[in-house]
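# Curious how this folds, go ahead:
(2 chains)
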Number of protein chains: 2
Amino acid sequence: MLARRLTDLRTSIQDQGLDALIVTHQPNLRYLLNHVGTAGVAVVTANDVEFLVDSRYLEAVRARQASPQACPGLRIRLVPGSYDDALVECLGALGGGAVGFESRHVSVATYDAWRNRLGPAAVRLRPTERMVEAARAVKDDFEVSCLRRAAAGLTAVADAAFAALRPGVSEREVAGVIESSLRDGGYERPAFDVIVASGPNAALPHHRADTRRVEAGDLVVLDFGGVLDGYCSDLTRTVSVGPPSEDARRVHNAVLQAQRAAIAAVKPGVETSAVDRAARAVLESQGLGEAFRHGTGHGLGLEVHEEPRVARASAGDAVPSLLRVGMVVTIEPGAYLPGWGGVRIEDDLVVTVDGADVLTAVSYDLQPRSAGQQSRSAWI
Amino acid sequence: MLARRLTDLRTSIQDQGLDALIVTHQPNLRYLLNHVGTAGVAVVTANDVEFLVDSRYLEAVRARQASPQACPGLRIRLVPGSYDDALVECLGALGGGAVGFESRHVSVATYDAWRNRLGPAAVRLRPTERMVEAARAVKDDFEVSCLRRAAAGLTAVADAAFAALRPGVSEREVAGVIESSLRDGGYERPAFDVIVASGPNAALPHHRADTRRVEAGDLVVLDFGGVLDGYCSDLTRTVSVGPPSEDARRVHNAVLQAQRAAIAAVKPGVETSAVDRAARAVLESQGLGEAFRHGTGHGLGLEVHEEPRVARASAGDAVPSLLRVGMVVTIEPGAYLPGWGGVRIEDDLVVTVDGADVLTAVSYDLQPRSAGQQSRSAWI
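The predicted structure is shown next:
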């Protein structure tokens, strides 16, 4: 598996006229080398992978290299002090050539430090973008199975969250139930800070969870996900605490129809902007176009936000972003009405040869059966 | 409070011969503007703060500006599409001058995008480093009180973790107890992924928590912290499950003595490298110098790792890093013996006029009284 990923990367390196690529972005290192850490730098050449790592990770890397998860051709180089020094030494040993670096993930300060240390060396540094990310956008079978399991496990978490929602419970308490339930479901950690946005807070798309107590009649946006074996899941449901108002029903239904329209538009070869347009058209037809203030979705994998973006085409897009079989994306339109509240509905899906396979499986009901009916005792 | 921070920053801007500073690092935006988000860009000039923010955060920013937490002189500029486009437009309106940017937090790709869009404009971009971070290293009274509360709350969390530790419990289950307890303690989220490293895993300084079940006689490293009102806490204790071996006692005692020596060395005007040396000298005298493979500590604030580093002086240090009254740092020496296990002990402290005030208050015992004696029923 890693062998194929490295082969593909080496093809890209060659295609771009490079002799090597410096990989510093940690999710890319996990993808290419199975390295799980917060530090480490790889220099990938036509034949080798030189992996610079400090002593904190040395034991873990050695153990992994002795296991079936080993990265082929990996040479470990211990970094005794500064990564910049070690990298420059490693580049010097290449003896020359054009060496790419990940320009979206290297700061100007780091780049300047490399250049100053390299001096008039034979190596020429060249900015690159998305060399590993573009490959990561299309998942292989192993990755799809990881993402499938990560998504499927959210059903039980959602049930626990629905059961905890009742008047008087605070947003943070519900977030706590979600976190515990993620942990019980075997997730290594939440994929992002859990969002529980109730009543007027639901109008803030990036509200997290605070001390506000849920009131009868509130709409509550629940947005959460977990990381399983490194892969992320991401789900949003909006539920009513007690009978919903007529407005709540109307907005919820509009967002649900928008979400269905976007999912129906997913197919290999389709532009991601067309999927976004499908959701947006439904909301516009309901007078909610202005209320939908973010993109329709994003890729999902080792990072919770990765390629492709499912959003309006932007002026900077060199080529249209097309869906391909094996891409895993979220579809999550929403409508936010300041002072009133909001609705967002989100699923994860994989692009298949003839459409999409939705990986998350949770009721879309405004009043899901389990809401407020289970586990009351836990709150008494 | 924000007024003073902005005044200080404006002095630095002027000292460096700049007309403005572009602030993109989110913790710096929180420090300067009270902005809590994952996006936003500020342009600070002698008289104004132009704050570029997208519609997701608009409601929250407006609400904050109408509250006592408002940032003085803030002008909100809605970003309809790309932040880069909006920033360049804003810079164009300056009409010229030297504009600093945070070179440690701006990627080469972003910098290139700015330069390409600016074209031959009158504005000159200048890399800067640590302009806000250097100020953030010394906490004001409000920040110290936040950090004090964030640290004090860990006592109850540690008690819950100690009570959960017994043979058969998995590392992840203990991590779950710690997370729930953080939530119960009012923390908005863990400050970092909880570490529960038992037996041989304790030899891996950056192990997190996996499915390994704790065995009698294990040493277990527990490293966790919570974020309260934006400020981080960070604590490590190492405990024995059942009676410790002679080796465990010896290593634990050596690390504890090293930690005490480092804390005793903390005083305003002292070089951080001298504090590191104090811990290292104790471990070296016990034959554990090689086993201590990381720095002694780090600053703590809006980020869990910030200035100052408490570590060996490095060749790149232009000036020695001196402790100052109001700095808040961790002191966390450790000893790691591959295959056997490890010990780390960490507290948070604030530098005072005559030494240090330790903010965390948790037993250092290898077998703390509550370990394995409470809450057994929760596991049955």
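# ok, longest helix in chain A?
helix A:246-265 (DSSP state H).
# list the buried ones in that helix?
For helix A:246-265, the buried set under the neighbour-count rule, 16 or more other CB atoms under 10 Å in any protein chain shown, comprises A:248, A:250-252, A:254-263, A:265. Glycine gets a C-beta too; all of them are placed from N, C-alpha and C.
# swap in stretch A:32-39?
A:32-36, A:39.
# repeat for stretch A:321-331
The neighbour-count check on stretch A:321-331 (16+ other CB under 10 Å) flags A:321, A:323, A:326-331 as buried.
# just to revisit the earlier point, okay, the angle between whichever helix or strand comes after the longest helix of chain A and helix A:246-265?
Using DSSP states H and E, the next helix or strand after helix A:246-265 towards the C-terminus is helix A:272-285. Here the directions of helix A:272-285 and helix A:246-265 differ by 150 degrees (axes from the mean of the first three to the mean of the last three CA atoms, to 10 degrees).
# Report all helices and strands that the helix or strand just after helix A:272-285 contacts.
Note on helix A:272-285: by DSSP H and E, the next helix or strand toward the C-terminus is strand A:297-299. If you count contacts as 3 or more CB pairs under 8 Å, 6 or more residues apart in numbering or on different chains; DSSP states H and E, strand A:297-299 packs onto strand A:306-310, strand A:328-331.
# nearest to residue B:83, of those?
strand A:306-310 (14.4 Å; CB to CB).
# Tell me the secondary structure at the residue most central in space within chain A.
Nearest residue to the geometric centre of chain A (CA atoms, centre = their mean): residue A:304, 1.4 Å. State at residue A:304, reduced to three classes by DSSP: H, G, I helix; E, B strand; the rest coil: coil.
# Return the residues in contact with the residue in the stretch 251-380 of chain A positioned nearest to chain B.
Using CB to the nearest CB, the single residue of the stretch 251-380 of chain A nearest to chain B is residue A:293, 4.4 Å away. Counting by CB atoms under 8 Å, 6 or more residues apart in numbering or on different chains, residue A:293 touches A:205, A:334, A:336, B:55-56.
# Out of those, list just those in strands.
Under the assignment DSSP state E, these contribute A:334, A:336 to strands.
# Please indicate which of the contacts of residue A:293 are buried?
Buried subset of the contacts of residue A:293 (neighbour count, 16+ other CB under 10 Å): A:205, A:334, A:336, B:56.
# what's the pLDDT at the last one?
It refers to residue B:56. Here, the pLDDT recorded for residue B:56 equals 80.
# How much space separates it from chain A?
Distance, residue B:56 to chain A, using CB to the nearest CB, to the nearest Å: 5 Å.
# what residue ranges in chain A are flagged as low confidence?
Within chain A, the stretches with pLDDT under 70 are A:121, A:315-318, A:370-380.
# how about the helices of it, start to end?
A:2-15, A:26-33, A:55-65, A:83-94, A:108-118, A:131-136, A:141-152, A:154-164, A:171-184, A:246-265, A:272-285.
# Reformat the ones you listed as a markdown table; add distance to chain B.
A markdown table is the format used below for the helices of chain A (distance: least, CB to the nearest CB, whole Å):
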| stretch | distance to chain B |
| --- | --- |
| helix A:2-15 | 17 |
| helix A:26-33 | 12 |
| helix A:55-65 | 4 |
| helix A:83-94 | 8 |
| helix A:108-118 | 4 |
| helix A:131-136 | 12 |
| helix A:141-152 | 15 |
| helix A:154-164 | 13 |
| helix A:171-184 | 4 |
| helix A:246-265 | 16 |
| helix A:272-285 | 13 |
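# Adding distance to residue A:100 as columns, could you present those in a markdown table?
Shown next, in a markdown table, are the helices of chain A (distance: least, CB to CB, whole Å):
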| stretch | distance to residue A:100 |
| --- | --- |
| helix A:2-15 | 7 |
| helix A:26-33 | 12 |
| helix A:55-65 | 23 |
| helix A:83-94 | 12 |
| helix A:108-118 | 12 |
| helix A:131-136 | 7 |
| helix A:141-152 | 24 |
| helix A:154-164 | 38 |
| helix A:171-184 | 38 |
| helix A:246-265 | 35 |
| helix A:272-285 | 26 |
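# residues in contact with residue A:99?
A:18-22, A:43, A:91, A:123-126.
# and with 7 Å instead?
When contacts are counted by CB atoms under 7 Å, 6 or more residues apart in numbering or on different chains, residue A:99 touches A:18-20, A:22, A:91, A:123-126.
# Tabulate those (CSV), appending distance to residue B:132.
Listed next are those as CSV, based on distance: CB to CB, whole Å:
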residue, distance to residue B:132
A:18, 36
A:19, 39
A:20, 35
A:22, 28
A:91, 32
A:123, 33
A:124, 34
A:125, 28
A:126, 31
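# Can you tell me which of those residues end up in strands?
Of those, the ones assigned to strands by DSSP E are A:20, A:22, A:123-126.
# and the closest residue in space to residue A:341 that isn't next to it in sequence, how far is that from residue B:36?
In space, and not counting its chain neighbours, residue A:341 is closest to residue A:202: 4.1 Å by CB to CB, 6 or more residues apart in numbering or on different chains. According to CB to CB, to the nearest Å, residue A:202 stands 17 Å off from residue B:36.
# Contacts for stretch A:194-206, please.
By CB under 7 Å, 6+ apart, the residues outside stretch A:194-206 that reach it are A:171, A:174-175, A:178-179, A:207-209, A:212, A:214-215, A:218-224, A:293-294, A:334, A:336-342, B:37, B:56-57, B:59-60.
# Report the buried residues of it.
By neighbour count on 16+ other CB under 10 Å, the buried set for stretch A:194-206 is A:194-206.
# from the middle of its chain, how far away would that stretch be?
20 Å (CA atoms, centre = their mean, to the nearest Å).
# same deal with stretch A:189-209?
That offset, for stretch A:189-209, works out to 16 Å (CA atoms, centre = their mean).
# Quick one: end-to-end distance for that stretch.
In stretch A:189-209, first residue to last residue: 17 Å (CA to CA, to the nearest Å).
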